[in-house]
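J.: with the input below, show me the fold.
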Amino acid sequence: MLTFLRKIRKSLIDSGSKRKYLLYALGEIALVVIGILIALQINNWNEKSKTDQYKLRLLQGLSNSIQNDLHDWNYILSQNHEGDSSYYVIVNFLENSLPYSKSLNRDFHKALRGWYHELNITAFETIKGYGLNFIESQKTVDHISDMYERWHKIYAKTNENRNAFYNSVAGPYLFDHFKRRIGESGSEFVPIDPTELIDDHKFRSILEQQQIFRKAMIRWQEQILGDMHDSIELLEIEMKRY
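T.: From the prediction side, this is the model:
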C-alpha cells in the first residue's frame, strides 16, 4: 500500500500539477486521520470489553456469595426448627414431671442453643467499593444494599444481646448443671440432676429466653432467605446485559 502511494506521489510531482498534488495530500491526510480514528475506536471497544468483563465478574461473585449464604442459612434455619421442636419436648418433660430418658440429652442441647450466622459481606463490599452505580436497575441496588445493611444491623444487635445473656446468665448455669459430650447422634447436654430441673425456675427462665431468641431468629432467617432469592433473580437480570 505504501509503495503504491509513493508511486502516485512521485507521478504527481513529476507532472507538475499543484492542484492534483494538493488533492492527493489532502486525501493522504484523510486516510491517516481515518486510520487513527479506527485505531482509537478499536481501543475503546477493547477497553469497554475489559470493563464489562470485570463488571460481570463482580456481579457473578456477588451472586455466588449469596447462593453460598443461601445454602448455609437453609441448614441453619433447619437446625433452629429442630431446636424449636426440642424446646417443646423439654417443656413437656418439665411440666408433666416425666421420667428422665437419655434421649432427652440431644433435645436439651438443641433447645438450649441457637444457630446464628451473619451474611458474608466480602463480595458486597468489593462491588460497593467499585461503585454500585454501574448496576442499571435502581431496584436491584436498593434491594441488595438494604438486605446487607439492614440484616447486618439486626444480627449484630441480636448477637450482642444474646452473647450478653449467655455469658452472664445462661453459660455459668449450664456449666454448673450440665455435662457436655458428643453422643452417637451429635452434641448433647447431659443434666447432672434431671429431677432438680423440674422445679428449677432459673432453668425455666433460661429455656424460655433461649426460645425467644430462637423464634426471633427463625422469623428473620425466613425473611432473609426470601431476600436472597429475590437478589439472585435481580442479579441474573443484570448479568444478562453482559
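
J.: against residue 115, how distant is residue 74?
T.: With distances defined as C-beta to C-beta, to the nearest Å, the gap from residue 74 to residue 115 amounts to 11 Å. To be clear about C-beta, it is placed using only N, CA and C from the backbone, and glycine gets the same treatment.

J.: which one's more surrounded, the two?
T.: Here residue 74 and residue 115 are set side by side on neighbour count (other C-beta atoms under 10 Å), and the busier one is residue 115, at 20 against 13.

J.: my read: the more buried one touches residue 83, true?
T.: Yes: checked against C-beta atoms under 8 Å, the pair residue 115 and residue 83 is within contact range at 7.2 Å.

J.: which helix runs longest in the protein?
T.: Identified as the longest helix of the chain according to DSSP state H is helix 18-95.

J.: what's it packed up against?
T.: Counting by 3 or more C-beta pairs under 8 Å, 6 or more residues apart in numbering; DSSP states H and E, the packing neighbours recorded for helix 18-95 are helix 2-15, helix 104-111, helix 122-130, helix 194-198, helix 201-239.

J.: could these go into a markdown table alongside mean neighbour count?
T.: Formatted as a markdown table, the entries for the helices and strands packed on helix 18-95 read as follows, by neighbours: other C-beta atoms under 10 Å:
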| stretch | mean neighbour count |
| --- | --- |
| helix 2-15 | 11 |
| helix 104-111 | 23 |
| helix 122-130 | 15 |
| helix 194-198 | 16 |
| helix 201-239 | 17 |
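
J.: tell me where the model's unsure across this structure.
T.: When the per-residue scores of the chain are filtered using pLDDT under 70, the ranges that remain are 1-33, 35, 39, 43.

J.: tell me which residues touch the most centrally placed residue in it, please.
T.: With distances taken as C-alpha atoms, centre = their mean, the chain has residue 66 as the residue nearest its mean C-alpha position (3.7 Å). The neighbourhood of residue 66, defined by C-beta atoms under 8 Å, 6 or more residues apart in numbering, consists of 123, 228, 231, 232, 235.
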